[in-house]
Every structure is written in structure tokens, then in C-alpha cells.
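> can you look at this prediction? I've put the sequence above it.
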Amino acid sequence: MNEDLDGYGSSGVCDFKDPCHKPHHKPHLKPHHKHHCHDDKLLKCFIFTCLKLKLILCLLKNNKFCLREIKKEIALLEKAIFSPTFGLKEIKREIRRIECGIFSPTFGLPEIKREVRNIELGVFSPTFGLPEIKSEVSLIETIVAGIADEIDSPTFGLVEIKSEVSEILAIVSNLNVVVPTLLLVDIKSEVSAIESAVFSETFGLAEIKSEISEILAIVTNLDFTLFSDIKSEVSTIESAVFSETFGLEEIKSEVSEIFGAVFSPTFGLEEIKSEVSTLLFEFEQFASAQGFSTNLTTGPFLASATEDNAEVKAFNATATFQSVTFEVFDIGTCPISLVNSVAFLDITPCCGASAFFVINPLLTETNLILNAQTSSTFGIFLYAATRALLVKQTEFFSADFLPLGTICV
């Protein structure tokens, strides 16, 4: 048997039986020493109860899983949850920062889309985009190929020129006719000029060959890796543009949904305009029937027997002096009778006024109505509250005062 701090077996492994437990079997027909046995059972029950209490006390005082340790663990959990470094508040703050970064107008998703759109416009520009670059490269290749074909042409290329010059020299050398000296001089001069032009270092055949060689070298040494990178970038842009998730089709679909919502006959612009028009019409009807009144009322209310006085306040939000008069009427009689009134005269602009006055002098349950006469239809805000033994009972805020545009003014 394992032992606890008190020297007894652990409650989880102890194997002694509860002497207080009554067996369910039938008692012996002939009990032997009945009184002495009963005393032993009571003693055993008492000892067993003491052992149970001792075990419970040891468990409560245990350093590993006592109440103090449990409270300590709970305190550590609360400290971690409410930690300013890595608690719930910090997690919420980090999430808010991530959202701000994603939706930032400077470097968030809208800006990335805008830059990608600018890149697409540049890449597909008809003036200096990829199509124009390809067109110019193709034109250069065509010109270079044409020059090479002209040089290597058997009809009027370099070989043909050399052949014709040789033939001319042979014909001239074999001439046996008598030619005037001046004519020969002119011919030689012309031939010399032709030779000078053909063999000129500036724009002769050698310079032409040199320029053709440079063009061929440039075309041969073109960095086609750059074109491969451009094609790769263009392919990436095309895949993004034609993406089913966030490409042109998805954008068109979202724009179509927006248009559908905007022009929806149920809750689109037309319906909004219709509702606004209806509201304006009803407001105009209300204004034409009652108008902006300086006579305001709270409407009827019931004052209990303990509601003996009221507190009224007025605030002047205009640029001129204003006045307000509060009147309380007893509507339990017909015609109604004035109970009491209080007046605020010449309230300073941007200032307020307040007062207490009796509304139920008989201290009986009474049906009352509170009216207010103002000097302006706007810029004056009102408040009233009934009191019973200095405790607020019924409150009327500024929005609760309605126009009294009837014959009962």
C-alpha cells in the first residue's frame, strides 16, 4: 500500500472497507454479543471518517494539485491571455495592422493592382510596348537580311561589280582606235572618280562591308535572355489578366454584379430615388400641414403622486439671444388648466439655462402635458425630467419635443 504524508494509504489505492456501510444481507437469526458488536462498529466508523478527513486535508495541502496551485495556474493563464506583449489585445492589434497593410492606399492591394495595370499598359502599349519592340526588331532583321542579300546578289552584288569593272578595264586596254587625247583624259578621270568612290574609306565598299559586319555582330550578339525574361513576364501578366480567380473575367463578373445591384429595381438607384422622393413628399406634406413650429410639446404623460416637481433645461446654439417658456397643463379637465410655467428670457448664444418648478402641487396621480414656446424654429435644444424626492422619473429629450401645429396652440 502506498503511503501519504499522514502515514496512511492513499485514497486511490487504499483497500480498507467502510465500516459505516451497512450490508444488504439478512442479519443472523441468533446474534451473539449484539451490544458489544454495535460499539465496535461505531468506533470503526468514527476512525474511518477521521481517516477520510485526514486524506482530504492532505490533498488540499498537497503542493502539486492543491487549491493554491490551481489558483496559481489560473492566474498564469489570465496573465498570458491579458498580456500586453502576446495576449488577446496584441493579437487583435497585429490583425488590425495586417488589415491596414493589405488595404493601404500606398502599398496595399489597390496600389499593387494599380501598378500591375500600369505595367500592363506599358507592356501592351502600341507606341513603345512589346508589339512595337517586336515590330522594330523584325524591321531591323529584314533590313540587315536585305543588305546581305544585295551584297551577295549574283546580279548586282560585289562579285558582279568586280566582274563588270574587270570587263571594262579589259575592253579599254584592248581598244586600238585612235581616240582624241582629251577624250581619254576624261574617261580616265571618270574611271578614277569611280574607283575613288568605290574604294573610299569613308563611304566605299570597305566602309559598307565594315558597317554590315557591325550590324551582323549586333544582331548576332543580341541578348535573347532579355527577350526570354520579357516573354516570361508577359506570360505571367497574361496568366494574371486571364485568371479565373482575379483576372479580367472575374473583374467583369464583379462589375456586372455591381451594375446589377446599382440598377436593381428592388434596391438599386431607382428604388433609392423613389424612396427618397417619397420621403421628401411626405416631409413637404408634413411641413405644409404643420410647418416648423415654435410651439413644441412632449405629449401627454402620467405623473405619479410622488412626482411633485420637474427640471427643465434649454440650450441656445444660435448666434443671437433666444427665449423659451415651459408650461405644464392638467389635461384631466376640459378645457385643460395651466398648472405652472417657467420662462428663460434672453439666453446668451452658445449658453444654457435650467430651473426647477412644481408640476403636481396636490400630490395626486395626474395626467399632464408639457409645452414649450421658443423664439426660434431651430438652434434651441430642450430637456425636461420629472422628479420624485429628487430622483428622476420621466425624461424628455430634445428629440421628444414635437411641433404643436394644431388649433390647440
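Sure, I can see it. Since this is a predicted model, take the numbers as computed values, not measurements.
> for Phe357, grab phi and psi.
Here is the backbone geometry of Phe357 (degrees, to the nearest 10): phi -150, psi 160.
> ok, and the closest non-adjacent residue to it?
Val342 (4.6 Å; Cβ to Cβ, 6 or more residues apart in numbering). Yep, even glycine has a C-beta here, placed from its N, CA and C like the rest.
> show me where the stretch 101-250 of the chain has its helices.
For the stretch 101-250 of the chain, applying DSSP state H, counting those that start in this stretch gives helices covering 109-123, 130-151, 158-173, 181-198, 205-220, 224-241, 248-262.
> how about those in JSON lines, adding mean pLDDT?
Converted to JSON lines, the helices of the stretch 101-250 of the chain look like this (pLDDT from 0 to 100):
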{"stretch": "helix 109-123", "mean pLDDT": "83"}
{"stretch": "helix 130-151", "mean pLDDT": "78"}
{"stretch": "helix 158-173", "mean pLDDT": "76"}
{"stretch": "helix 181-198", "mean pLDDT": "74"}
{"stretch": "helix 205-220", "mean pLDDT": "77"}
{"stretch": "helix 224-241", "mean pLDDT": "72"}
{"stretch": "helix 248-262", "mean pLDDT": "78"}
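> distance to Thr374 added to these, as a markdown table?
Compiled in a markdown table, the helices of the stretch 101-250 of the chain are given as follows (distance: least, Cβ to Cβ, whole Å):
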| stretch | distance to Thr374 |
| --- | --- |
| helix 109-123 | 50 |
| helix 130-151 | 73 |
| helix 158-173 | 108 |
| helix 181-198 | 107 |
| helix 205-220 | 90 |
| helix 224-241 | 64 |
| helix 248-262 | 43 |
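> how about those helices in a markdown table, adding distance to Ser354 and mean neighbour count?
A markdown table is the format used below for those (distance: least, Cβ to Cβ, whole Å; neighbours: other Cβ atoms under 10 Å):
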| stretch | distance to Ser354 | mean neighbour count |
| --- | --- | --- |
| helix 109-123 | 52 | 12 |
| helix 130-151 | 77 | 12 |
| helix 158-173 | 112 | 11 |
| helix 181-198 | 112 | 11 |
| helix 205-220 | 92 | 12 |
| helix 224-241 | 67 | 12 |
| helix 248-262 | 50 | 11 |
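> which one of these lies closest to Leu389?
helix 248-262 (57.2 Å; Cβ to Cβ).
> angle of the closest one against helix 224-241?
30 degrees (axes from the mean of the first three to the mean of the last three Cα atoms, to 10 degrees).
> just want the angle from helix 248-262 to helix 109-123.
Interaxial angle of helix 248-262 relative to helix 109-123 (the same axes, to 10 degrees): 120 degrees.
> now do the SS call for Gln393.
Here Gln393 is strand, with the state taken from DSSP: H, G, I helix; E, B strand; the rest coil.
> show me what contacts it?
Contact partners of Gln393, counting by Cβ atoms under 8 Å, 6 or more residues apart in numbering, are 303-304, 307, 385-387.
> name only those of those residues that count as buried.
303, 307, 385-387 (16 or more other Cβ atoms under 10 Å).
> mind checking which of those residues land in strands?
Cross-referencing the buried ones among the contacts of Gln393 against strands under DSSP state E gives 303, 307, 385-387.
> quick check: the farthest pair among those?
The largest separation in those, counting by Cβ to Cβ, is between Ala303 and Ala385 at 11.7 Å.
> identify the contacts common to those two.
393-394.
> and the longest helix seen in the chain, what's buried?
For the chain, the longest helix by residue count, based on DSSP state H, is helix 34-61. Neighbour-count burial for helix 34-61, counted by 16+ other Cβ under 10 Å, picks out 48, 51, 54-55, 58-59.
> CSV for those residues, including distance to Glu365?
Putting these into CSV (distance: Cβ to Cβ, whole Å) gives the following:
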residue, distance to Glu365
Phe48, 69
Leu51, 70
Lys54, 68
Leu55, 67
Cys58, 68
Leu59, 64
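> distance of Ile322 relative to Cys351?
Just to correct that, residue 322 is Gln rather than Ile. Computed with Cβ to Cβ, to the nearest Å, the distance linking Gln322 and Cys351 is 10 Å.
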